[in-house]
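> Starting from these lines, generate the structure:
(2 chains)
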Amino acid sequence: QKEVEQDPGPLSVPEGAIVSLNCTYSNSAFQYFMWYRQYSRKGPELLMYTYSSGNKEDGRFTAQVDKSSKYISLFIRDSQPSDSATYLCAMTTYSGGGADGLTFGKGTHLIIQP
Amino acid sequence: DGGITQSPKYLFRKEGQNVTLSCEQNLNHDAMYWYRQDPGQGLRLIYYSQIVNDFQKGDIAEGYSVSREKKESFPLTVTSAQKNPTAFYLCASSTAPPGALYGYTFGSGTRLTVV
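Numbering: from 1, shown residues only, chains lettered A, B, ... in the order given. The predicted model follows:
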């Protein structure tokens, strides 16, 4: 079993819809969770960062963490065509994951249809 | 502006050639990383370095080599021993662990193609 599971998609939704992206993980030592957005042929950029269980909101984006279920989500409200990208979840332990840092999901390819 | 610069953006390699991908950062980050990204494979760690003159192998280091002679530079050489080098290569940096808690900054990537 891989440490982080993420559905690769593609996930296609109409403009204006609420999008839900998810990751599950197996290592209960993971404490810090991040979401990266990657446009085609570009490097990933940090979108959201969370620590505690619960919700964190930033504009149209909400990150949700459920440590008891080992499940994290990213919600996008009022989705726009410019949100079309690959979204990668990433996580690490309290110590920073050891010397090699973050563990990434494989990414979900999201398409917002105009 | 602070950031990570990868060059070149596109690189073509002939069979049997070694090629070097450049990665420079002006963020004063201690740790630097190289990832390979293939369709459906996600990010796979090649090498990482936490400090100058020290680096460690990641999950797929075979056929690759790195150096870390300066804090701001972490070049990756793809050697002829790497049999399937065509991929998108990403360089990243972070403050030294536990700085990794706050995420990585990524470069814009180099697309390497074997011709």
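
> tell me the pLDDT at residue 99?
Went with chain A since none was named. A:A99 is assigned 59 on the pLDDT scale.

> not quite, I wanted chain B
If you check B:G99, the pLDDT there is 65.

> where are the low-confidence patches of the chain?
In the absence of a named chain, this looks at chain A. For chain A, the stretches flagged by pLDDT under 70 are A:1-2, A:94-100.

> that's the other chain; I wanted chain B
Looking at chain B by pLDDT under 70, you get B:1, B:97-100.

> Show me what from it comes close to chain A.
With Cβ under 8 Å from any Cβ of the partner chain as the criterion, chain B meets chain A at residues B:4, B:6, B:31, B:33, B:40-43, B:45, B:48, B:50, B:56, B:58, B:88, B:90, B:92, B:94, B:97-109, B:111. Where you see a C-beta, it was placed from the backbone N, CA and C, and this is true even at glycine.

> and if we set it to 7 Å?
Contacts of chain B with chain A, taken as Cβ under 7 Å from any Cβ of the partner chain, map to B:33, B:40-43, B:45, B:48, B:50, B:56, B:58, B:90, B:94, B:97-104, B:106-109.

> just the buried members of these?
B:33, B:42-43, B:45, B:48, B:50, B:58, B:90, B:94, B:97-101, B:103-104, B:106-109 (16 or more other Cβ atoms under 10 Å in any protein chain shown).

> so what's residue 20 up against?
Went with chain A since none was named. Residues counted as contacts of A:S20 (Cβ atoms under 7 Å, 6 or more residues apart in numbering or on different chains) are A:73, A:75.

> that's the wrong chain, I wanted chain B
By Cβ under 7 Å, 6+ apart, B:T20 lies in contact with B:75-77.

> What of A:S73?
By Cβ under 7 Å, 6+ apart, the contact list for A:S73 reads A:20-22, A:64.

> List phi and psi for it.
For A:S73, the backbone dihedrals are phi -140, psi 150 (criterion: degrees, to the nearest 10).

> Specify the beta-bridge partners of it.
Using DSSP bridges, the beta-bridge partners of A:S73 come out as A:N22, A:Q64.

> can you put the contacts of B:T20 in TSV and add distance to A:E5, secondary structure and neighbour count?
Shown next, in TSV, are these (distance: Cβ to Cβ, whole Å; DSSP: H, G, I helix; E, B strand; the rest coil; neighbours: other Cβ atoms under 10 Å in any protein chain shown):
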residue	distance to A:E5	secondary structure	neighbour count
B:P75	33	coil	17
B:L76	28	strand	22
B:T77	33	strand	14
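
> For stretch B:20-35, buried residues please.
Residues B:21-25, B:29-35 are the ones in stretch B:20-35 that count as buried (16+ other Cβ under 10 Å).

> give me the element the residue nearest to B:C91 when sequence neighbours are not counted is part of.
For B:C91, ignoring the flanking residues on the chain, the nearest one in space by Cβ to Cβ, 6 or more residues apart in numbering or on different chains is B:C23 at 3.5 Å. For B:C23, the host element (DSSP states H and E) is strand B:19-25.

> Off-centre distance for that strand?
Centroid displacement of strand B:19-25 relative to its chain, using Cα atoms, centre = their mean, to the nearest Å, is 7 Å.

> cool, stretch B:61-74 as well?
Distance, stretch centre to chain centre, for stretch B:61-74: 8 Å (Cα atoms, centre = their mean).
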